[in-house]
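Asks: Below: sequence and its predicted model.
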Amino acid sequence: MTTTTAPAARKPATMAQALTRALRDAMAEDPAVHVMGEDVGALGGVFRVTDGLAAEFGEDRCSDTPLAEAGILGTAVGMAMYGLRPVVEMQFDAFAYPAFEQLVSHVARMRNRTRGAVPMPLTIRIPYGGGIGGVEHHSDSSEAYYLATPGLQVVTPGTVEDAYGLLRASIASDDPVVFLEPKRLYWTKSDWSPDAPTPVAPLGRAEIRRRGSSATLLTYGPSLPVCLEAAEAARAEGWDLEVVDLRTLVPFDDETVCASVRRTGRAVVVHESNGFGGPGGEIAARVTERCFHHLEAPVLRVAGFDIPYPPPMLERHHLPGVDRILDTVARLQWESRWTEGRDA
Amino acid sequence: MTVLEQPGSSRHTSGPAGPPPTWRPRVDPAPLLPDAEPYRLLGTEAARRLDAGLLKRLYAELVRGRRYNAQATALTRQGRLAVYPSSTGQEACQVAAALALEAQDWLFPSYRDTLAAVARGLDPVQALTLLRGDWHTGYDPHEHRVAPLCTPLATQLPHAVGLAHAARLKGDDVVALALVGDGGTSEGDFHEALNFAAVWQAPVVFLVQNNGFAISVPLAKQTAAPSLAHKAVGYGMPGRLVDGNDAPAVHEVLTDAVRRAREGGGPTLVEAVTYRVEAHTNADDATRYRTEAEVEAWRAHDPIALLERELTARGLLDEELAGAAREGAERLAADLRERMHADPPLEPMDLFDHVFTEQSDQLRAQAAQLRAELAAEAEGHPETATGTAPPAQEARS
Ligand SMILES: Cc1ncc(C[n+]2csc(CCOP(=O)(O)OP(=O)(O)O)c2C)c(N)n1
């Protein structure tokens, strides 16, 4: 189609739309890509991420399955064995748990146990995290379970553009990906346009979202905008914070992370899943092991409390917000003064 | 739309209550129901008409299978296998499963189904590597279209459904046959697999080998269903009961089910009633949960003896057939003994292969650590190997 009119101003698009576009492009490019899950067909998914796919590609390519998560993932394993590239939607974070056995016992290790003979090129999309006032079982941050499982890649976009680019890369990957969609960012708007060519974002690379010199905030997914806001607010305190968006937890980009921390000398990991046994502990340990002599303070963590996800009316007390991040950054400052004092 | 908004719900019926909307079962359940008695052929008139070639083939495979079980169990005593779950007494199910399939079809076995895999053409040694411990799956599943021997119960069943479904979507003529034990039918994956298969009308056949026990737990404590085959009706597929020790009967029922799947008729659940004559594995003590009398009663219903009786009645069991079967079995056993005699050469660095398509930095660093440990070991300092290995992590700067 040609048009003589001037190109319209870019329509702001949401993360959900970027994901839809990524699925559509992947399906159009490769007939092996099949989308499956609960309500993904006519309804387009409860978050509308699969909107229009069944109409465009047919119900064989975008199919409503019976309501059974182990069955969805288990049959996807068989489909992948036969050369398809299933993209599975789990409706909500806490409803992916019935599929956990298939994920851990088969998806994650099929390539390894067959010495490469049976790869698992499948993507498991899971809307995750809180902040949307969801009732019980609709707000879990389950990333620690997945990253503790060898053989899985764990991906989580924090921007609209990355939602597109990382999902494309995930579907193209010959290894399984747990693709965690921060559901409170689904409706985040940006100037990304569905019609603009968007690059595929490589897995395993972190991205510096804001340059700074005082300390590095290491974060991902739903906490990225919170960290960027905190970095702005920190300016008033004289702190110039760098914000690193991890984008993929597995593979983990030690290089970008360590380069940043070596530059700033201080690091805080921010995520909303609980701190004990959470990703922050692993990240803090890695940073400490690699950057010990550059650190002017211990690596600190800002995380959700170690409690089952709270009821919606209380969730704001649980989720790491700007204030909690700034308080922690202040502790970093104190810790380094303490170090300086001791050295003097 | 919520339940309350549905047409016909109380919110919409303001007048006097009318008759309930008519309801009919979607499918007549009667044809789906299994027969009251397991299907049998041996000893019946119908058996007299069975193809002699088929009977002889089944016989040779049964004898070979039994010998395989005996030899593999012996290998556990010699420390060559960590453990072996024998399928002695169940050979008819195993052999029939393999012989019911065409070359392009797929078999999804559990840990007890090595015989089915071997009868399908898998290298008998490769089928044992899982149990020997050198690699989890010692074969390329594509070669004979045998999925990895599966240990977590019933989890291979949805794989079979997905593969069969994918094949049909691609227009390929492929049927998947999935094997599961009676205990495995209690797992959620069993139910989800059957449901998916029926909803998708996937070309898949489920064979339950009901051998009476899940380790020590008898069927009565596993299910209250009239039979395991009855479970099919609830999913909308036919359930078939067959005497699992009657090799031609199992073969016929499975062949029918496979043909039905191939022709687009959808899935079938077959329950083969058999018995686990040996303990769960060589490491199990079966005397704790069953009597010798029970085992003896089943030994009298032995699948090989049953078939021999039929062959004899038809004058087919001559020295040529018996000798050939014996020889085939002994060849297999000798081959197993020989090739399982020594530990296989192992390459520790293989550990880091095939975790992902491309090795991650993380795994590369860990591989370097192991390589250094191995080098130190080779130099004869095994006890200090770990201590002297360079740090796995990148050099400190
Ligand atoms: C999910 C799961 N739970 C428990 C086990 C441990 N286990 C191994 S075999 C077995 C009994 C299985 O019985 P059945 O399904 O009847 O098969 P059989 O061994 O009799 O062939 C159990 C409980 C397992 N392998 N997988």
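Replies: On my side now, so go ahead. Just so we're clear, the structure is a prediction, and the values are computed from it rather than from any experiment.
Asks: Show me where the stretch 151-300 of chain A has its helices.
Replies: For the stretch 151-300 of chain A, the helices defined by DSSP state H, counting those that start in this stretch cover A:160-172, A:224-234, A:254-264, A:279-291.
Asks: residues touching the residue of the stretch 51-200 of chain A found nearest the ligand, list them.
Replies: Closest residue of the stretch 51-200 of chain A to the ligand, C-beta to the nearest ligand atom: residue A:101 (7.2 Å). Placement of C-beta: from N, CA and C, glycine included. Going by C-beta atoms under 8 Å, 6 or more residues apart in numbering or on different chains, residue A:101 touches A:70, B:152, B:155, B:189.
Asks: didn't the third one look like it was pressed against residue A:102?
Replies: Yes. Residue B:155 sits in contact with residue A:102 when judged by C-beta atoms under 8 Å, with a separation of 6.4 Å.
Asks: any residues in contact with both of those two?
Replies: A:74, B:189.
Asks: Using CSV, write out every CA atom in stretch A:167-176.
Replies: Provided in CSV are the C-alpha atoms of stretch A:167-176 (Å, rounded to 0.1, in the frame of the first residue of the first chain):
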residue,chain,number,x,y,z
LEU,A,167,10.4,-12.2,22.6
ARG,A,168,11.5,-12.6,19.0
ALA,A,169,14.9,-13.8,20.2
SER,A,170,13.3,-16.2,22.6
ILE,A,171,11.1,-17.8,19.9
ALA,A,172,14.1,-18.0,17.6
SER,A,173,16.3,-19.7,20.3
ASP,A,174,16.8,-23.4,20.0
ASP,A,175,16.7,-23.7,23.7
PRO,A,176,13.8,-23.3,26.1
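Asks: Kindly provide the distance from residue A:270 to chain B.
Replies: Applying C-beta to the nearest C-beta, to the nearest Å, the value for residue A:270 to chain B is 22 Å.
Asks: ok, that residue - how many residues close by?
Replies: 23 (other C-beta atoms under 10 Å in any protein chain shown).
Asks: State the pLDDT value of it.
Replies: At residue A:270, the model reports a pLDDT of 98.
Asks: mind listing what residue B:308 touches?
Replies: Applying C-beta under 8 Å, 6+ apart, the residues near residue B:308 are B:59, B:317.
Asks: ok, 6 Å please
Replies: Counting by C-beta atoms under 6 Å, 6 or more residues apart in numbering or on different chains, residue B:308 makes contact with residue B:317.
Asks: any idea which element it lies in?
Replies: Following DSSP states H and E, one finds residue B:308 within helix B:303-313.
Asks: Hmm, residue A:71 is touching residue B:194, no?
Replies: No. Contact criterion C-beta atoms under 6 Å: residue A:71 and residue B:194 do not qualify, at 9.3 Å.
Asks: Between the two, which is the more surrounded one?
Replies: residue A:71 (28 against 25).
Asks: Sketch out the low-pLDDT regions of the chain for me.
Replies: Just going to use chain A. Low-confidence segments of chain A (pLDDT under 70): A:1-11, A:334-344.
Asks: Not quite, go with chain B.
Replies: For chain B, the ranges with pLDDT under 70 are B:1-16, B:381-397.
Asks: show me the residues around the closest residue to residue B:272 other than its chain neighbours that make contact.
Replies: In space, and not counting its chain neighbours, residue B:272 is closest to residue B:244: 3.1 Å by C-beta to C-beta, 6 or more residues apart in numbering or on different chains. Neighbouring residues of residue B:244 by C-beta under 6 Å, 6+ apart: B:93, B:272-274.
Asks: Comparing the helices of the stretch 151-300 of chain A, which comes out most buried?
Replies: helix A:160-172 (a mean of 25; mean count of other C-beta atoms under 10 Å in any protein chain shown).
Asks: what helices or strands is it leaning on?
Replies: Helix A:160-172 sits against helix A:15-29, with contacts defined as 3 or more C-beta pairs under 6 Å, 6 or more residues apart in numbering or on different chains; DSSP states H and E.
Asks: mind listing what's buried in the helix it packs on?
Replies: If you call a residue buried by 16 or more other C-beta atoms under 10 Å in any protein chain shown, then helix A:15-29 has these buried ones: A:15-27.
Asks: Give me the contacts around it.
Replies: Contacts with helix A:15-29, where a contact means C-beta under 6 Å, 6+ apart, come from A:33, A:47, A:49, A:51, A:57, A:160, A:163-164, A:167-168, A:171, A:185-186, A:188, A:194.
Asks: can you state the direction angle for that helix and helix A:160-172?
Replies: Using axes from the mean of the first three to the mean of the last three C-alpha atoms, to 10 degrees, the inter-axis angle of helix A:15-29 relative to helix A:160-172 is 30 degrees.
Asks: From the chain's centroid, how far away is the helix or strand following helix A:15-29?
Replies: Toward the C-terminus, helix A:15-29 is succeeded by strand A:33-37 as the next helix or strand (DSSP H and E). Relative to its chain's centre, strand A:33-37 lies at 20 Å (C-alpha atoms, centre = their mean, to the nearest Å).
Asks: Following the chain past strand A:33-37, name the next helix or strand.
Replies: Note on strand A:33-37: by DSSP H and E, the next helix or strand toward the C-terminus is helix A:53-57.
Asks: Can you work out which other helices and strands pack against that following helix?
Replies: Helices and strands touching helix A:53-57, by 3+ C-beta pairs under 6 Å, 6+ apart: there are none.
Asks: And for residue A:98, nearest residue in space, chain neighbours not counted?
Replies: The spatial neighbour of residue A:98 that comes closest, neighbours along the chain excluded (C-beta to C-beta, 6+ apart), is residue A:69 at 4.2 Å.
Asks: State the distance from the one you found to residue A:101.
Replies: 10 Å (C-beta to C-beta, to the nearest Å).
Asks: Check residue A:30 too.
Replies: According to C-beta to C-beta, residue A:30 stands 28 Å off from residue A:101.
Asks: returning to what we had before: I'd like the helices of the stretch 151-300 of chain A as CSV, with distance to residue B:42 appended.
Replies: Shown next, in CSV, are those (distance: least, C-beta to C-beta, whole Å):
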stretch, distance to residue B:42
helix A:160-172, 53
helix A:224-234, 69
helix A:254-264, 66
helix A:279-291, 61
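Asks: Checking residue 124 next. Helix, strand or coil?
Replies: No chain specified, so I'll use chain A. Secondary structure, DSSP: H, G, I helix; E, B strand; the rest coil: residue A:124 is strand.
Asks: that's the wrong chain, I wanted chain B
Replies: Residue B:124 ends up coil, using three-state DSSP.
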